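Enquirer: Could you work out the structure for the sequence below:
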Amino acid sequence: MLTGTLFALAAGLMWGLVFVAPTMLADYPPALLSFARYLAFGLIALPLAWLDRARLAQFTRGDWREALKLSLIGNLLYYLCLAAAIQRAGGPLPTMIIGTLPVVIAITSNFRDAARDGRLPWGRLAPSLGLIAAGIACVNQAELAALRADPQADLARYASGALLAVAAVACWTWYPIRNADWLRAHADRSPRTWATAQGVATLPLAAVGYAGFWIWNSASGQAFDMPLGPSPERFVALMLAVGLFASWLGTLCWNEASQRLPTSLVGQLIVFETLSALAYAYALRGEWPGSTTLGGVALLVAGVLWALRVKPEPLAAEGHAG
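Expert: Numbers count the residues shown, from 1 in each chain. The predicted model follows:
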């Protein structure tokens with residue numbers, strides 16, 4: 001339990017970095033950021049794949065198809081939606097919408113995976129979910145108050161950013177549950193190798209997407225300076241950093257956590273990503289969060305600590321107790 005939680009914390013710290021790049025590269029189209037991030041991830045995965053080629057050779061065609069699906073939805077589509085949301089609505093609002101993931105995944109998994117993982121009793125799970133939801137509501141309230149106070153705010157742009165963040169939530173509700181399914185069904189396989197396989201599967205998708213965007217940019221007469229944009233050094237450095245730390249290392253840590261913890265519980269630990277992203281967002285703003293935001297953070301942490309005390313019960317035991 002402790003080891004799995006620490007791996008989830010490490011993954012959250014790494015994944016929080018993905019919220020930084022769209023803010024620091026505000027002039028870059030979200031599609032290009034998504035393709036570039038995972039192009040970097042795929043290139044980083046290639047030498048790792050060579051070193052791990054014996055284990056990768058054991059994967060079947062079905063395993064590679066699953067890696068492609070996970071890469072397309074959980075990587076490319078998710079980050080496309082998230083990057084667009086951050087550029088339209090700023091960092092904290094999409095971060096808090098993404099912060100609903102612990103609640104959404106826990107509820108989905110508690111319905112879907114009870115036979116495999118046991119069911120976390122709703123009565124004992126409700127307080128932790130309530131604390132997490134209250135924390136998210138507090139931070140959302142603070143952001144909305146700031147939005148109402150800004151006469152230059154574009155409400156339509158913020159609303160579209162919120163909707164894109166909801167789409168990102170849908171992608172990342174599907175991804176960890178489907179990823180955990182594969183890991184549990186292949187407990188003899190290395191989570192590190194599976195993370196590398198997803199990187200290899202992402203590479204051709206990202207390369208085709210990047211090339212397609214370049215062709216579209218040229219054909220449509222867009223002013224964006226391809227292939228590396230107006231700040232090539234910053235762009236390349238950030239994409240490589242995010243590709244290494246957030247994509248490969250973060251996925252590795254999450255896979256390790258997924259093999260050790262029930263899906264409904266590990267889903268709640270995505271709150272670490274939310275906390276990390278918030279910290280990074282306020283650091284980039286050069287501001288200290290207000291009391292409402294800090295209160296929300298405290299509620300989120302309390303919800304996670306409460307959740308770690310809840311142990312899943314086999315369905316049969318739950319039925320006799322009821």
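Enquirer: Please make it C-alpha for all contacts and neighbour counts, starting now.
Expert: Will do.
Enquirer: The helix ranked longest in the chain packs against which elements?
Expert: In the chain, taking DSSP state H as the definition, the longest helix is helix 155-185. Here helix 155-185 is seen to pack against helix 61-70, helix 78-89, helix 92-98, helix 101-112, helix 250-260, helix 263-268 when contacts are counted using 3 or more CA pairs under 8 Å, 6 or more residues apart in numbering; DSSP states H and E.
Enquirer: Need those helices in JSON lines (columns: distance to residue 139 and mean neighbour count).
Expert: Output for the helices and strands packed on helix 155-185, formatted as JSON lines (distance: least, CA to CA, whole Å; neighbours: other CA atoms under 10 Å):
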{"stretch": "helix 61-70", "distance to residue 139": "30", "mean neighbour count": "16"}
{"stretch": "helix 78-89", "distance to residue 139": "14", "mean neighbour count": "26"}
{"stretch": "helix 92-98", "distance to residue 139": "7", "mean neighbour count": "25"}
{"stretch": "helix 101-112", "distance to residue 139": "15", "mean neighbour count": "21"}
{"stretch": "helix 250-260", "distance to residue 139": "25", "mean neighbour count": "24"}
{"stretch": "helix 263-268", "distance to residue 139": "18", "mean neighbour count": "27"}
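Enquirer: what's the closest of these to residue 288?
Expert: helix 92-98 (12.8 Å; CA to CA).
Enquirer: How far does the closest one sit from its chain's centre?
Expert: 12 Å (CA atoms, centre = their mean, to the nearest Å).
Enquirer: mean confidence score for it?
Expert: Averaged over helix 92-98, pLDDT sits at 81.
Enquirer: And the contacts of that helix?
Expert: 19, 82, 85-86, 136, 139-140, 143, 161-162, 165-166, 168-169, 274, 277-278, 281 (CA atoms under 8 Å, 6 or more residues apart in numbering).
Enquirer: can we see that at 6 Å?
Expert: 136, 165, 169 (CA atoms under 6 Å, 6 or more residues apart in numbering).
Enquirer: buried sites along the helix or strand the first one falls within?
Expert: Same thing as residue 136. Taking DSSP states H and E as the definition, one finds residue 136 inside helix 122-149. Residues of helix 122-149 classed as buried: 125-126, 128-129, 131-143, 147 (neighbour count, 16 or more other CA atoms under 10 Å).
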